[in-house]
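Enquirer: Below are the sequence and a predicted model; questions follow.
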Amino acid sequence: MKIKELAKYDSGFQYVIDNIECMSSAGRRLMLDTTFENDAAQLESEWGRLQKAVSIVSSSPIDHAYNDLRHCFMQLHDLQGTLSSLYSHTVLNEVELFEVKNLAYLVGKSRIAIASLRIEEVLPLPDLTEISSVLDPDHTGVVNFYIYDSYDERLAPLRNELRTLQERQDNPQRIADLLALQQEVQQEVCRQLSDILSHHAESLTNALEQMAYGDFLFAKAELCKRWELVRPAVGDSTCYRQLFNPRLRKHNEEVGLRYQPVDINVTHGVSLITGANMAGKTVLLKSIGTAQMMAQCGMYVPAQEGTIILVDDVVYSIGDEQNEMNGLSSYASEIIKISNIVKRCRTEHLLVLIDEPARTTNPIEGKALVQALISLQEQVQSITLVTTHYGQLDSSCRRLRVRGFVEDLANIPINPHNINRFIDYSLEEDTSDDVPHEALRIAELLQCDTELITKAKQNINQ
């Protein structure tokens with residue numbers, strides 16, 4: 001699956017993509033067409049190239065050669081249509097010939113910068129000197145394309161006569177005949193040049209794609225620098241130290257709220273995650289999914305350290321699954337999605353992230369469905385993380401608990417705007433088969449209706 005498709009299913013990953021600032025449309029096109037990779041060797045190779053790019057963008061002061069390279073990326077046009085014309089032996093017009101000349105010019109400048117940065121093996125660009133010579137026969141060094149007199153011996157005398165007649169405003173018929181002849185000769189030149197360039201179509205395509213890749217690579221490196229991302233590694237478990245959610249961290253910084261990264265270590269099988277409302281369970285699932293997508297699309301991850309198990313895909317069942325267009329309820333939409341996930345896990349190795357399954361149906365059947373889900377997922381090789389409020393589940397799967405509200409830290413009045421200061425989002429192993437009971441206490445601290453809370457307590461006691 002390509003990045004442009006993955007981003008549709010993960011708003012956190014879309015946020016990442018929106019913050020990768022490619023300088024050219026070709027770079028962005030290549031980024032969106034990048035695929036989710038599950039080959040360890042390919043990923044290690046890409047992370048290695050990215051590491052060299054990160055070292056360049058992080059140097060102080062920035063090497064002038066890197067600035068030259070970025071300037072070339074800024075001027076890059078995505079001339080896929082022009083190159084397609086070359087492959088089909090279509091005659092290029094002057095605008096298209098300029099695009100080819102501009103690409104050859106930018107590649108030449110980029111090769112100098114790349115050699116200065118010593119990253120030829122990271123960004124190997126073909127030598128387009130021959131193409132530059134063809135499109136600049138007078139060796140002017142000018143990027144703009146012009147059909148020079150030297151292309152055809154008829155052009156110089158024809159243009160001189162035409163210029164003289166136009167200055168005198170004399171003999172309009174002759175002027176019209178000369179203009180027609182000039183157009184005919186220029187079209188013949190374009191045909192000859194197109195024929196020559198068609199033999200270089202593969203080299204030009206390679207040059208365009210390498211330039212686009214370089215733009216994307218250094219845009220990723222700039223993101224690594226801004227967000228302090230780290231290079232992941234492939235391992236036997238998925239383990240993050242100080243994992244953070246880029247979008248939420250940015251939001252919290254903007255509104256003055258505390259953000260707490262978390263540590264987590266999971267492997268094949270099921271990990272059941274419990275915790276009170278507002279304890280960050282949903283955010284945790286989304287953060288893990290986004291980090292996995294980033295890693296397997298050749299990026300660094302949002303953590304201080306990160307190791308991942310490679311999977312075939314990341315699949316979610318998170319949030320309100322109601323589909324009004326199809327006439328389905330929240331439960332119906334959710335259970336269809338979970339059913340499809342279970343089926344896929346029988347033949348694929350997935351990272352499965354399911355948030356509070358069956359929470360919209362009655363507790364007895366909901367609990368039975370969650371137990372069935374856990375039992376089936378324990379039998380496959382996928383990595384499954386399930387959050388739930390159901391307790392007393394008949395399962396021996398691993399359990400993690402978000403520590404949640406720490407009342408000892410509450411030394412000032414608590415309100416909806418500051419309560420996150422008193423929540424510990426860290427995970428701890430949980431050997432019990434129960435779930436937290438903090439809902440009413442948090443409601444009290446948030447000064448909810450006293451009668452409502454009193455009635456709820458009475459119901460619990462009864």
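Expert: Perfect, I can see it now. For clarity, every value in this text was computed on a predicted model and none was experimentally measured.

Enquirer: wouldn't Leu272 be in contact with Leu400 here?
Expert: Yes - with contacts counted by C-beta atoms under 8 Å, Leu272 reaches Leu400, the gap being 7.1 Å. C-betas here are computed from N, CA, C, even on glycine.

Enquirer: what about the strands in the stretch 351-462 of the chain?
Expert: 383-387, 398-405, 423-429 (DSSP state E, counting those that start in this stretch).

Enquirer: so the first one versus strand 398-405, what angle?
Expert: Between strand 383-387 and strand 398-405, the angle comes out at 40 degrees (axes from the mean of the first three to the mean of the last three C-alpha atoms, to 10 degrees).

Enquirer: show me the residues around Ser116 that make contact.
Expert: Contacts for Ser116 (C-beta atoms under 8 Å, 6 or more residues apart in numbering) come out as Asp63, Ala65.

Enquirer: From Lys225, how far off is it?
Expert: Ser116 sits 20 Å away from Lys225, going by C-beta to C-beta, to the nearest Å.

Enquirer: same thing with Pro172?
Expert: Separation of Pro172 from Lys225 (C-beta to C-beta): 64 Å.

Enquirer: isn't Met299 right up against Leu229?
Expert: Yes - here Met299 reaches Leu229: they are 7.2 Å apart, a contact under C-beta under 8 Å.

Enquirer: Look at these two and report which has more neighbours.
Expert: Using other C-beta atoms under 10 Å, the more surrounded residue of Met299 and Leu229 is Met299, with 27 against 24.

Enquirer: Wait, a helix at the more buried one?
Expert: No - assigned with DSSP: H, G, I helix; E, B strand; the rest coil, Met299 falls outside any helix and is coil.

Enquirer: where does the chain dip in pLDDT?
Expert: 277-279, 319-328, 392, 407-419, 433-438, 445 (pLDDT under 70).

Enquirer: what about the strands in this protein?
Expert: Secondary structure of the chain (DSSP state E): strands at 233-234, 238-243, 262-266, 269-274, 305-308, 313-317, 350-355, 383-387, 398-405, 423-429.

Enquirer: Quick check: neighbours shared by Met299 and Leu229?
Expert: Shared between the contact lists of Met299 and Leu229 (criterion: C-beta under 8 Å, 6+ apart) are residues Leu223.

Enquirer: would TSV of the strands of the chain with mean neighbour count be doable?
Expert: Below are those laid out as TSV (neighbours: other C-beta atoms under 10 Å):
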stretch	mean neighbour count
strand 233-234	16
strand 238-243	20
strand 262-266	18
strand 269-274	22
strand 305-308	20
strand 313-317	21
strand 350-355	23
strand 383-387	25
strand 398-405	20
strand 423-429	16
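
Enquirer: want to try JSON lines for those, with distance to Glu209 as columns?
Expert: Output for the strands of the chain, formatted as JSON lines (distance: least, C-beta to C-beta, whole Å):
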{"stretch": "strand 233-234", "distance to Glu209": "26"}
{"stretch": "strand 238-243", "distance to Glu209": "32"}
{"stretch": "strand 262-266", "distance to Glu209": "37"}
{"stretch": "strand 269-274", "distance to Glu209": "41"}
{"stretch": "strand 305-308", "distance to Glu209": "27"}
{"stretch": "strand 313-317", "distance to Glu209": "26"}
{"stretch": "strand 350-355", "distance to Glu209": "30"}
{"stretch": "strand 383-387", "distance to Glu209": "34"}
{"stretch": "strand 398-405", "distance to Glu209": "44"}
{"stretch": "strand 423-429", "distance to Glu209": "43"}
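
Enquirer: tell me the domain boundaries of this structure?
Expert: Domain assignment of the chain by automatic domain parsing yields the ranges 3-219, 230-461.

Enquirer: gap between the spatially closest residue to Leu217 that is not a sequence neighbour and Ile112?
Expert: With sequence-adjacent residues excluded and distances taken as C-beta to C-beta, 6 or more residues apart in numbering, Leu217 is closest to Ala53, at 5.2 Å. Computed as C-beta to C-beta, the Ala53 to Ile112 distance reads 18 Å.
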